[in-house]
Every structure is written in C-alpha cells, then in structure tokens.
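K.L.:
Here's a sequence, model it:
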Amino acid sequence: MRSVLTLLLLIFCFFSGPAGVAQLKSYKRGLSSFENGHYNIAIQEFLKVKDIEQAYAGDLNRKLGDAYRLSNRWAESIPYYEKAIENGVKDSDLLFYLGYALKSKGEYTRAKDYFKRFADSNPADKVLAERVLREMNSLLLTESIFRKNSEKEFRNLEAVNTPGSEFTGVVHKGYLVFAASRKEKIYANDLPYLGLYKARISENLSTVGKTELFSASVFADDRNEGSPTFTPDGKIMVFARGNSGKRKDLSPDVDLYMSRYVEGDGWTSPVRVPASDSLAFDGSPAFSGDGKTLYFSSNRAGGNGGLDIYRVNMDASGRFGNAVNMGKAINTAGDEAFPFVSADGKLYFASDGHPGLGKLDLFVAIRTGGKITVENLGLPYNSSMDDFGYTEDEYGNEFFTSNRSGGKGDDDIYYYLAPETPVEVAETPVPEQDKKVVNYFLAGEVLSEGKLLDSAVVNIYKIEGGIETLFAENLVTRNGQFGPVKMEEDEDYVLLTEKPGYLTKREGFTMYGRSIPSVLLTRPVTDTTFHVRIPLDGIFVGKTFRLENIYYDLDKADIRPDAALELDKLVQILKDNPGIRIELGSHTDSRASDIYNLRLSQRRADAAINYIVNKGISRERLEARGYGESELLIENAKTEAEHQQNRRTEFKVTGIGKAEE
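P.N.:
Have a look, this model is predicted:
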C-alpha cells in the first residue's frame, strides 16, 4: 500500500524550488480539470509547467494534445502529439490522432505516413484500425474530390454569425432557427452554453432580421441545446439537449427532446423523447419530408463505432417505435451525424469516416435499385475543416455550417441562394463497354508466437441481419496459409479458426469501406486480394489471458456498459471453446489499504462471473477470485497509465476437457 503522502512526495520530486511548487500546483490543477472535461482550463494550467522530469514529459505532452483534440482544436494538438512521440510515448492511437490532425490541416502526405505507421503497429483497437483503413483509402481519393466542384457560391450569413458558434440553421415559418453559443452561463469548456435562436428572413434571403430567443419555454440556462427539426405542419419540434450535471438529469449525456406548438400558448415545456438512450449521446435530429420518420445520430451500444445515424418511426400521436441503425453503407467506424432528408428523398449527412478532405465532410446517400451509394459533395461544400448541418428550404436555398478559415469566428452558417429557375443537370449514362469489374478475394495465414501453423481449420461466416450463415467451410492451412476465397462487396464476415491445443479464435472481417472507387480503376477487370493474419493462443492449464478495457467506477463493482461489451467477448470465447474452465481474476492498483483492495477485487470478480452466467455460461465452468494489489505488474507505479496497467481483469484456464452435454 502507498499512502497519499508518499504519492504526493513522488509527484513533488518532479519539481524543485518555489517556482517548482507553483508548477506542481498547476500540474495537479491541470490533471483535475482534464478529468472533469474542463479542457481549456487544463491547457492553461499544463502550459505553466516548464520544468518536469523527462520520464513524465511524454505524459504531459500527451495530455496537452488530448485536451486540444477533445476541444476540437486538432491543428493545435499537432506539436504536443509530436513531442509526446519524441518523449517515448508508445500508444499507437497517438499515431492515428496525429495523422487525423495533419489531415485537418490539409497536410495529406504527412497524414498518410502516420496512418501507415499506425496500421503497421498491429493495433489492438479494431475500431481505430478500420478507421485507418478508410482514411488511407480516403487519401487516395483526395485529388478526385478536389476536382468535384459544383461551382456554387456559398456566402457567410453575416447577419447571424458572430465570433462564437452558430450552426444547423433550419427555415421554419419565415424564420431561420439555429443554435448559438450566447447564453450567459459558461460550461465545462469555458464557452457559453448553446441555445436555440431565430431570425426572420425573406424568401430570397435579401433581408435578415434581428436575432432573438426562439422560445423561453424551451430555454434552459444551464444546458446546451441545438439542432432543431420540425414536422411539416410545424406543430412538433425535436431538438438535442445536454445534461446540466445535476442529479435531477434523466441522462448523463445528450438526449432528444420534443416540444409541441399550442395555438395561443406557444411551445410547450420539452419532454424527453422515449427513443433516446439514457446511456448514450443522441443528437442532431431531422424529420423526413412527411414527418413520419425521425433521423438522428447516436453512439449507443451496438453501433459501428463513434456516432451512427439511426431512424425511428413516429405515429400521428407523436409516439415512437424502435430505433434502427441505418447500416454500414452509411455508418462507419468514424462519426456520422447531422442527417437531413431533402424533398426528393436524398439523405444528406456529415461524416469523418467516408473519404473526405478533412474532418467532417458533407455527403449524400442515394438509394438506386436497392443499393445505397454515398457521394462526397466536393467543393465548395467541403474543406479541410468541419463541414456539417446541411439543410434546404422549400425554395431550394441551401444552408450548411463550417468552421473553415475566413469566417467570423467558430462555427458559422453559410448559404446558397437558389436561382429562380432550377438548372436541370442531365445524368450521363456510363457506356456498357466502359463499365469496370472488380473481383475481391481473401487470403490469410494462421500463426502462433510468430510461427505458421499447419492443419488449422478456418470457417468463414457471412453476417446477415445479425445471423451468421456459413459462407466458406473447412479451409485447411497448408504451410500456414489459406485461401484465396472470393468475397462479396459490402458484407460483414466472421472467421472462426480452430486447431487442437489452441484457443478457438473468432476474427471479424468487413468488406465495407474496402471497395476500390471507380475513378481509380484502369482495367476492365481488376482482381485484388486482402490478407489477414490470425494469431492463435496455445492453451494449457494455468495459461492466463488479459481482458482489455474492463473498467469500473471508483470504489464500485457494478458492471459498466463499456465493461459489459468486453465481457461479452469473453462469453463468446467460452461458447467457442466449450471444453475449457476458467478462473476470472480481478486486480486493483495500490492506492488503498490491502484488505480494502482485496475485498473490492473479489466483489468485482463476483460481479463479472454473475454477468457471464446470466449470458448462458454454466457456473460450474467459472471461478471468481479477487487478488487485490498482491500481483502488481508495476511495483512502483507513478503515472495514471501505470496504475491502469495494475488495475486489470484476467482469466486463467483451470481445466481443459470435453464440452458439457
């Protein structure tokens, strides 16, 4: 056990003298502000720290880079991420964040180098790995996106924009209704809370009235509010509202709220939309043209990574059904948000996962012959910065939001005035002889501890509607190799690999985001093969495996939603390997008494076992054991990252036999 006094002395040794004491205070205030989401304050405090031991310089620079990134100042994170890497920080996600930040500055060549370094690092984070795959493909298309230019002239709507943030403008009954950071109260990031405002506009946008509060009944001075959308009759509004940080909040994050317009009384007090997930971020709602479907973005469990776009039906009484994910043709491992359905049924949205020029780009999804195609809108809609919140009014005028250079401040609203007579653009059909075909194949190798394994069996299943269907079976490795197997575009697969004496391995593979864009094809027929490496772990009694990302709230043993997702993977391992029995061990760090840590770790192990049993695994195959701080990986842990390595969950094989009947 290490006392608080000892820990503070260890931190104090970073600094020396009166100036060092002041820097120590700044360092501690910076850490506290960072953990509480006050990133701007954290940056100010961290920048005061000038003298720090080299061993801790990397962690400081990493925190500075993260604080800039998490406050959406990617370009400013670059020098600190670079210094963190120079200081020896080995986290592979740093390479991704640095590549993405460079892309946001338009430094595409350097961005590609860091994305490649991340891909070559064999990252454990499969979501980031998929994003990097898309980013590298995206950079191949950058030149063609720059060539795509509608030649429309978008202007800054200066009458409503300020040095603060204005975004997601939507026209409603002669007013432009939008979100803006103009409330008196300041929230965690040292910015004014967002609220809903309106300004009267003429049909041709020649006059814009004074900005005023949208409605006092939907105004909360201590919450962020934004992204309004209205039903066609104007009687229902849905918008996004954040929490206030108080116990009375229905959710710890952002939810969808609904208000009704009552003639003579105005807008009613908002109520939370039942389709919202209280454990997730739900935002940027948009009604379909008929008002029967609500589209929105969410990071709820079961998505593809980051924010996904969902849809939910609403009946005439304003009751909602079950939300449905829009699928991988639209949603990626990145963020998809700010949907908008045009009068002709096209779905516009913003994404940083599809091929784009920078951060969020604007895209349109069109369904033709049962297949959804997603296209980048190109210039001038997109830039290397954030471009999002596309909408149209009934006259064809277009609006979107961007924080590109040349604006009045943060996010600004831009507009395009539609011509009085719409310009018809005829589509040019592709001649049959010019159509190009691509055949996709999958091949791979199975290995253990760096050595190729013969006679392993690989079965490939295609996932359709959540159901696994056998696609290719009994692929036996020769010299450790299997395949090639012809694959289908825009499908998800699971590779199940087995070999006696080894843990059966389940490995996902997706064809989404892997298709070669037609603009890059040069031959009538192109064959391309994707390669996968499947590592198998040998199993024997006593073999220990670490479970990644099993986190618990401080001093608690409750299974958090993120921990549940990781435990579900262990449940699947036990189902794929029905003959093994395990001990699940929970370990703490050393920042409490021995007996307290021992009891806490036992409660956590018991909670995990109960969760696994409730998922259908026999309790006879399981044993829970709390180790407390008795088996520290890092004896003298100092940094939070080192303490996190000590706080871990592992499972140990205690028996290998036949599957239970």
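
K.L.:
Quick one: low-confidence residue ranges for the stretch 351-500 of the chain.
P.N.:
Where the stretch 351-500 of the chain drops to pLDDT under 70, the residues are 421-434.

K.L.:
how about the helices of it, start to end?
P.N.:
With DSSP state H, counting those that start in this stretch as the criterion, the stretch 351-500 of the chain has no helices.

K.L.:
thought residue 651 was touching residue 570?
P.N.:
Yes: look at residue 651 against residue 570 with C-beta atoms under 8 Å: they come within range, at 6.5 Å. (Glycine included, C-beta is placed from N, CA and C.)

K.L.:
Now for the two: what residues contact both?
P.N.:
Counting by C-beta atoms under 8 Å, 6 or more residues apart in numbering, the residues touching both residue 651 and residue 570 are 547, 584.

K.L.:
how about the CA coordinates for stretch 229-249, as PDB?
P.N.:
Output of stretch 229-249 as PDB, limited to C-alpha atoms (Å, rounded to 0.1, in the frame of the first residue of the first chain):
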ATOM      1  CA  THR A 229     -36.200  20.000 -36.600                       C
ATOM      2  CA  PHE A 230     -39.900  20.500 -37.300                       C
ATOM      3  CA  THR A 231     -42.700  18.300 -38.600                       C
ATOM      4  CA  PRO A 232     -44.200  19.600 -41.900                       C
ATOM      5  CA  ASP A 233     -47.200  21.100 -40.100                       C
ATOM      6  CA  GLY A 234     -44.900  22.900 -37.700                       C
ATOM      7  CA  LYS A 235     -46.700  21.600 -34.600                       C
ATOM      8  CA  ILE A 236     -43.800  19.400 -33.200                       C
ATOM      9  CA  MET A 237     -40.200  20.300 -32.700                       C
ATOM     10  CA  VAL A 238     -37.500  17.800 -31.700                       C
ATOM     11  CA  PHE A 239     -34.100  19.100 -30.600                       C
ATOM     12  CA  ALA A 240     -31.000  18.000 -28.800                       C
ATOM     13  CA  ARG A 241     -30.400  18.900 -25.100                       C
ATOM     14  CA  GLY A 242     -27.400  18.200 -22.900                       C
ATOM     15  CA  ASN A 243     -27.400  17.400 -19.200                       C
ATOM     16  CA  SER A 244     -26.800  20.000 -16.500                       C
ATOM     17  CA  GLY A 245     -24.500  17.900 -14.400                       C
ATOM     18  CA  LYS A 246     -27.200  17.700 -11.700                       C
ATOM     19  CA  ARG A 247     -28.700  14.600 -10.000                       C
ATOM     20  CA  LYS A 248     -32.100  15.500 -11.500                       C
ATOM     21  CA  ASP A 249     -30.900  14.800 -15.000                       C
END
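
K.L.:
And that stretch, what's buried?
P.N.:
229-231, 236-244 (16 or more other C-beta atoms under 10 Å).

K.L.:
can you list the residues you listed in a markdown table and add secondary structure, pLDDT and distance to residue 597?
P.N.:
Conversion of those to a markdown table gives the following (DSSP: H, G, I helix; E, B strand; the rest coil; pLDDT from 0 to 100; distance: C-beta to C-beta, whole Å):
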| residue | secondary structure | pLDDT | distance to residue 597 |
| --- | --- | --- | --- |
| 229 | strand | 96 | 50 |
| 230 | strand | 95 | 55 |
| 231 | coil | 93 | 55 |
| 236 | strand | 94 | 53 |
| 237 | strand | 95 | 51 |
| 238 | strand | 95 | 47 |
| 239 | strand | 96 | 46 |
| 240 | strand | 94 | 41 |
| 241 | strand | 92 | 40 |
| 242 | coil | 88 | 36 |
| 243 | coil | 76 | 32 |
| 244 | coil | 63 | 35 |
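
K.L.:
For residue 330, state which of those residues is nearest.
P.N.:
Lowest distance from residue 330 to the buried residues of stretch 229-249 (C-beta to C-beta) belongs to residue 229, with 18.2 Å.

K.L.:
who are the neighbours in contact with that closest one?
P.N.:
Shown in contact with residue 229 (C-beta under 8 Å, 6+ apart): 170, 237-239, 285-287, 294.

K.L.:
Turn those into TSV, columns for distance to residue 384.
P.N.:
Shown next, in TSV, are these (distance: C-beta to C-beta, whole Å):
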residue	distance to residue 384
170	26
237	33
238	32
239	29
285	28
286	25
287	31
294	32
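
K.L.:
Mind jotting down where the helices sit in the stretch 1-150 of the chain?
P.N.:
For the stretch 1-150 of the chain, the helices defined by DSSP H, counting those that start in this stretch cover 4-12, 17-35, 39-46, 54-70, 74-86, 92-104, 108-120, 126-147.

K.L.:
just checking, what packs against the shortest one?
P.N.:
Using 3 or more C-beta pairs under 8 Å, 6 or more residues apart in numbering; DSSP states H and E as the contact criterion, the neighbours of helix 39-46 among helices and strands are helix 17-35, helix 54-70.

K.L.:
Convert the C-alpha atoms of the last one to PDB, please.
P.N.:
When you say that, I think you mean helix 54-70. This file holds the C-alpha atoms of helix 54-70, laid out as PDB (Å, rounded to 0.1, in the frame of the first residue of the first chain):
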ATOM      1  CA  GLN A  54      11.900  13.600 -18.800                       C
ATOM      2  CA  ALA A  55      10.100  10.400 -17.700                       C
ATOM      3  CA  TYR A  56       6.900  12.500 -17.300                       C
ATOM      4  CA  ALA A  57       7.300  14.900 -20.200                       C
ATOM      5  CA  GLY A  58       5.600  12.500 -22.600                       C
ATOM      6  CA  ASP A  59       2.500  12.100 -20.400                       C
ATOM      7  CA  LEU A  60       2.200  15.900 -20.000                       C
ATOM      8  CA  ASN A  61       2.500  16.500 -23.800                       C
ATOM      9  CA  ARG A  62       0.000  13.600 -24.400                       C
ATOM     10  CA  LYS A  63      -2.500  15.300 -22.100                       C
ATOM     11  CA  LEU A  64      -2.000  18.700 -23.800                       C
ATOM     12  CA  GLY A  65      -2.500  17.100 -27.200                       C
ATOM     13  CA  ASP A  66      -5.600  15.300 -26.000                       C
ATOM     14  CA  ALA A  67      -7.000  18.500 -24.400                       C
ATOM     15  CA  TYR A  68      -6.700  20.400 -27.700                       C
ATOM     16  CA  ARG A  69      -8.200  17.400 -29.600                       C
ATOM     17  CA  LEU A  70     -11.100  16.900 -27.200                       C
END
